[in-house]
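Chemist: sequence first, predicted coordinates after that:
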Number of protein chains: 2
Amino acid sequence: MNPQSEATAEGILYTDEYQLTMAQVYFRLGLHETPAQFDHFFRHYPDYGDHQAGYCINAGLEWLLDWMRQARVRPADLDHLRGQRDRAGRPIFDQPFLRWLGEYGNFDALSLAAIPEGRVVHPNEPLSVVRGPLAMAQILETALLNLLNYQTLIATKASRIHDVARGGTVLEFGMRRGHAQGVNAGGRAALIGGAHFSSNVGLSHVLGYPPKGTHAHSLVQAFMALGEGELGAFRAYAEVFPDDCLLLVDTISTLESGVPNAIRVFEELRAGGHVPVGIRLDSGDLAYLSIQAAKQLDAAGFENTSIVLSNNLDELIIWQIITQIQEEAPQYGVDADRLIKRLVYGVGTGLITSRGASALDGVYKLVAIQQRGAWLPAIKVSETPEKTLNPGHKRVWRLYDQRGKATTDLLGLSTETPDLMDPVVLHHPVNHTRYRNLRRADLSAVEPLLVDILVAGQLVYDLPDIEAMRAARLADLERLDPGVKRLVNPHIYHVSLSEQLWNLKQSLAQAAQQSRPGALAQDGHPAA
Amino acid sequence: MNPQSEATAEGILYTDEYQLTMAQVYFRLGLHETPAQFDHFFRHYPDYGDHQAGYCINAGLEWLLDWMRQARVRPADLDHLRGQRDRAGRPIFDQPFLRWLGEYGNFDALSLAAIPEGRVVHPNEPLSVVRGPLAMAQILETALLNLLNYQTLIATKASRIHDVARGGTVLEFGMRRGHAQGVNAGGRAALIGGAHFSSNVGLSHVLGYPPKGTHAHSLVQAFMALGEGELGAFRAYAEVFPDDCLLLVDTISTLESGVPNAIRVFEELRAGGHVPVGIRLDSGDLAYLSIQAAKQLDAAGFENTSIVLSNNLDELIIWQIITQIQEEAPQYGVDADRLIKRLVYGVGTGLITSRGASALDGVYKLVAIQQRGAWLPAIKVSETPEKTLNPGHKRVWRLYDQRGKATTDLLGLSTETPDLMDPVVLHHPVNHTRYRNLRRADLSAVEPLLVDILVAGQLVYDLPDIEAMRAARLADLERLDPGVKRLVNPHIYHVSLSEQLWNLKQSLAQAAQQSRPGALAQDGHPAA
């Protein structure tokens, strides 16, 4: 895209058409300024097929706020909308609406509460709550979902990879296979979720991290074609970066050419007073090759060099590699734990596209609307019971047991507080026969999760840096039951409804069902 | 991101760190201006798990050209690079290199040949060929892969969905679940590949298509909460958009509330002289519901209204829906073919994230480099034989049989031409025992696929609009064997090497193997 087009395609028109048609309906009926509330939540943890997440890491909020600040209707946007025609050839958007949109087409009147970035989150709880004039709160939907869903998906994947890497450094390497400019959001989310660094130069600069990377096969190929060979390429690289020398050793043959050549160059560096950094393996049986490479490096006195692994990694493959090293290393006289400690993981496609689950199913749903100053809860009754909305103004609390572990997240009405409940009644969100009671005395803490971010468009929140988000993530993971963090088949964390919220949901659902116009028999075929 | 950060993160520093460190090595050795050639190709068709692509649709080129034009080293970029430190605390990039980069850090000296957007392409053939000074051709790698791989992936998915929809309109609805700003690239690719329209307002304006969309559940919910009910919401919508009235009917109960209410409003519209557009189904058993909805609509005299289906669609689910309608519609007295003809498919997540295969494995490999005016082919020998490169300057021809069907794509050296070969010898790219001969007389046409796009930075190509790309796609699909287009388990299209290219590849691979420094026995464990 050229810059002019980009301003159009990433500004206020970065939205779905129906947000604008609905806004015009609201405008025509005088409902456009009616206060409304929308909740953003996801319904299911990412399911990667062979393995599943048991928690998510929230991310994306700061970039959403940046977008909201910049996305304001420009005259060019109004011109575009003025040009839209319906099937009868008449303008879709009328002048009064466009005049209003030109004047008020920004997000300055919205309030936003959210669970902070980096925190552990679960299905069906509001991650963000938007309150404000109906039309603009509606128009926000697309960008909000677009900017929050993806970052949460990737922060979650990164956290799983960080978990399984047992302290090993994780590098985000995904630019070449990610979804166009989305890789910048993905790289940021990876850093929040557990990647230590990224290869993405511009993004790393923007976020204040040093970008990581050394060289590709092409460097070795170029030297080979010019008659200098792999050794020549390694020597050239070491000469330019004597204190940052990490060599890719698999262009010809890892063990017969790459590692021996790297060792020769490392010896030359050592003779010159430099400390070589390590090698990278990018193909073949990474566990076997890293054992053999470690053996060669150790024999030459380079026990402290890193071994960077790349090529199609994700949490499952890293887990497999570590397991294989534990089994096989001893038979080659290599200490498995020492080897695992020196591993670094360059994770590309599997991380930036969240391999196995390329989308988070986050939605943004109207849950309340005001009439004559009073808030009315709104519901959508689905033919799939899990999809029936939790209506109204809600709060989310995390309840900690006496061990200090999170035991449940509780959704209640904003008029409630768990401090006053004893026992705390926890309703299953869908199944009315399932609930449990928690004695207040069994809880060590009750923590509200939603924080005010914007109040009538004003930022009332100190935006944390990525280090603070990482600290929040680690603190939350520490307080999460190990079963919930399991890579495969995790324990299901409970998200529950309070008794009052459960009752409200039931009564609204019944009222909605009763509003059906009549019993049209459907030949007995189940419609759900 | 704020706009200043975005300029950094989407400009010339939109690259992997190692491109810059390699560029500095080339600079130090005086190789930075050495002419080199890189090929962009993918190795495998997208494999969606249950189903696989048998062809891809090329896309992304024009936006790559836009990026290349805009991405030029700015003083701020040099400041960023100047600030990078190695492990010893010294600058990673030295002054002479940064001075050179400040002056020549753009893509104006590169030449580019490519297969045009919209065309059918296959694995292992160069989709783009970049030739020019080694350092800048190297730095281009990341952005080129980022901008071409994803669009090709999505154009391919869109083409499959278009194929299976049997002429039904396909709408791209994926913004909310796509990967942040990548959705604009994805939306464009979807339009090239077969989606008829997109809901993305800004992108549609930029590309000259009307954006599509009507209303969400929230409109109905708002009216319900305010006591107006679903019927009130439908009436309001119809009043504002009498000639563009498409109603979402599943907020309460599709068949008992939504469709009957829609029919009442359609009758009111008809009485006012308007033609209602249709309904949208977004949950439940879409095949069953569309049959029942059609029955109700037909009975009321609305046989020509559209039935838009959405909710988690992809090519496999659309295929299933159509199959189910063919089986079940007759038993309800509904004409299956007529119903299928009125279906419209809103495809979101499954299209924009290419469900099942979220990345194309496209790579960018050095295949030749100049020395003293002579081009030397470059190779990378992989421990996985399929990954051994096809070296040197190559051409790609598509060979058509006497029926006018594409029978093979042939890679040969640029000194060759199939017109002079009889028979044309087709080598399997990896297996030396597999080849076949084609008599020249059995071919109806030989078409070169690569087109010059940039010559020394100058655009020498008339960029087609998206309609022209779609026409190219349809023409190519017409000439593709039906087996290759099969949704599941497609026939494998042959991409072959000419005899001369095959011989060059073998001799280079052997020479590379012989350059190993010695026979280090590896305990008999297979390293591959």
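Modeler: Thanks, I have it.

Chemist: so which residues of the stretch 301-450 of chain A form helices?
Modeler: For the stretch 301-450 of chain A, the helices defined by DSSP state H, counting those that start in this stretch cover A:315-328, A:336-341, A:349-352.

Chemist: would you agree A:Glu309 is in contact with A:Leu286?
Modeler: Quick fix: residue A:309 reads Leu, not Glu. Yes: counting by CB atoms under 8 Å, A:Leu286 is a contact partner of A:Leu309 at 4.9 Å. Every residue, glycine included, has its C-beta placed from N, CA and C.

Chemist: let me know how buried the nearest residue to A:Val277 once chain neighbours are set aside is, in neighbour terms.
Modeler: Nearest non-adjacent residue to A:Val277, counting by CB to CB, 6 or more residues apart in numbering or on different chains: A:Leu246, 4.3 Å away. By other CB atoms under 10 Å in any protein chain shown, 25 other residues sit near A:Leu246.

Chemist: do the same with the one 10 residues further on
Modeler: As a burial measure, the neighbour count of A:Glu256 was computed by other CB under 10 Å and equals 18.

Chemist: over to A:Glu499?
Modeler: Neighbours around A:Glu499, by other CB under 10 Å: 16.

Chemist: what residues are up against it?
Modeler: Shown in contact with A:Glu499 (CB atoms under 8 Å, 6 or more residues apart in numbering or on different chains): A:Val425, A:His427.

Chemist: now swap in A:Ala23 and tell me
Modeler: A:His32, A:Phe97, A:Leu101, A:Ala135, A:Met136, A:Gln138, A:Ile139.

Chemist: go on, A:Asp442?
Modeler: Contacts of A:Asp442 by CB under 8 Å, 6+ apart are A:Asp401, A:Gln402.

Chemist: one more: the one 4 residues further on?
Modeler: Counting by CB under 8 Å, 6+ apart, A:Val446 touches A:Trp397, A:Arg398, A:Leu399, A:Tyr400, A:Pro418, A:Asp419.

Chemist: can you rerun that using 10 Å?
Modeler: A:Trp397, A:Arg398, A:Leu399, A:Tyr400, A:Leu410, A:Thr417, A:Pro418, A:Asp419, A:Met421, A:Val424, A:Arg440 (CB atoms under 10 Å, 6 or more residues apart in numbering or on different chains).

Chemist: bridged to it, which residues?
Modeler: Here A:Val446 shows beta-bridge partners A:Leu399, assigned using DSSP bridges.

Chemist: relative to A:Asp401, how far out is it?
Modeler: 11 Å (CB to CB, to the nearest Å).

Chemist: three-state assignment of A:Asp39?
Modeler: strand (DSSP: H, G, I helix; E, B strand; the rest coil).

Chemist: not counting sequence-adjacent ones, nearest residue to A:Thr15?
Modeler: A:Thr142 (4.2 Å).

Chemist: give me the element the residue most central in space within chain A is part of.
Modeler: Against the mean C-alpha coordinate of chain A, by CA atoms, centre = their mean, the closest residue is A:Thr152 at 1.8 Å. A:Thr152 belongs to helix A:141-164 when assigned by DSSP states H and E.

Chemist: tell me how far that helix lies from the chain's centre.
Modeler: 1 Å (CA atoms, centre = their mean, to the nearest Å).

Chemist: what mean pLDDT does that helix have?
Modeler: Computed over helix A:141-164, the mean pLDDT rounds to 98.

Chemist: so for the next helix or strand after that helix, what gets flagged as buried?
Modeler: Moving toward the C-terminus from helix A:141-164, the next helix or strand (DSSP H and E) is strand A:169-172. Judged by neighbour count (16 or more other CB atoms under 10 Å in any protein chain shown), strand A:169-172 contains these buried residues: A:Thr169, A:Val170, A:Leu171, A:Glu172.

Chemist: near chain B, from the residues you listed?
Modeler: A:Leu171 (CB under 10 Å from any CB of the partner chain).

Chemist: ok, the buried residues of strand A:169-172 vs A:Ile12, which is closest?
Modeler: A:Glu172 (30.5 Å; CB to CB).

Chemist: now do the contacts for that closest one.
Modeler: With CB under 10 Å, 6+ apart, A:Glu172 has these contacts: A:154, A:158, A:161, A:178, A:183, A:186-191, A:193-200, A:203-204, A:209, A:211-212, A:345-348, A:351-352.

Chemist: at 8 Å instead, please
Modeler: Contacts of A:Glu172 by CB under 8 Å, 6+ apart are A:158, A:186-187, A:190-191, A:195, A:197-200, A:347-348, A:351-352.

Chemist: buried ones from those, can you make that a ChimeraX selection?
Modeler: This is how ChimeraX selects the buried members of those, with burial counted by 16+ other CB under 10 Å:
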select /A:158,186,187,190,191,195,197,198,199,200,347,348,351,352
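
Chemist: show me the contacts of A:Glu172 that map onto strands.
Modeler: Mapping those onto strands (DSSP state E) picks out A:Phe197, A:Ser198, A:Val347.

Chemist: looking at these, which is nearest B:Asp337?
Modeler: A:Val347 (48.8 Å).

Chemist: the closest one and A:Ile263, how far apart?
Modeler: 27 Å.

Chemist: count of neighbours near A:His274?
Modeler: 18.

Chemist: so the closest residue in space to A:Pro75 that isn't next to it in sequence: helix, strand or coil?
Modeler: Excluding its sequence neighbours, the residue lying closest to A:Pro75 (CB to CB, 6+ apart) is A:Gly102, at 7.5 Å. When classified by three-state DSSP, A:Gly102 comes out as helix.

Chemist: surely A:Gly102 touches A:Leu78?
Modeler: Yes: A:Gly102 lies in contact with A:Leu78 (CB under 8 Å); the separation is 5.3 Å.

Chemist: now the ones in strands among the contacts of A:Glu172 in a markdown table, with distance to B:Arg434?
Modeler: Supplementary listing: the ones in strands among the contacts of A:Glu172 in a markdown table, determined by distance: CB to CB, whole Å:
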| residue | distance to B:Arg434 |
| --- | --- |
| A:Phe197 | 44 |
| A:Ser198 | 42 |
| A:Val347 | 36 |
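
Chemist: just grab the bridge partners of the residue nearest to A:Val277 for me.
Modeler: Where A:Leu246 sits in a bridge, its partners, by DSSP bridges, are A:Gly278.

Chemist: I'd like the distance between it and A:Met1.
Modeler: 36 Å.

Chemist: how about the helices in the stretch 151-300 of chain A?
Modeler: A:182-193, A:201-207, A:217-225, A:229-240, A:259-271, A:286-299.

Chemist: any residues touching the third one, and which ones?
Modeler: To tie it back to what came earlier, the one meant is helix A:217-225. Residues contacting helix A:217-225 (CB under 8 Å, 6+ apart): A:229-230, A:232-234, A:236-237, A:248, A:250-252, A:282, B:22, B:25-26, B:31, B:36, B:38, B:134, B:138, B:141, B:365-366, B:368-369, B:371, B:376-380, B:512, B:515.

Chemist: for the record, mean pLDDT for that helix?
Modeler: On average, helix A:217-225 scores 92.

Chemist: just checking, A:Val495 touches A:Gly412?
Modeler: No: using CB under 8 Å, A:Val495 makes no contact with A:Gly412, being 11.8 Å away.
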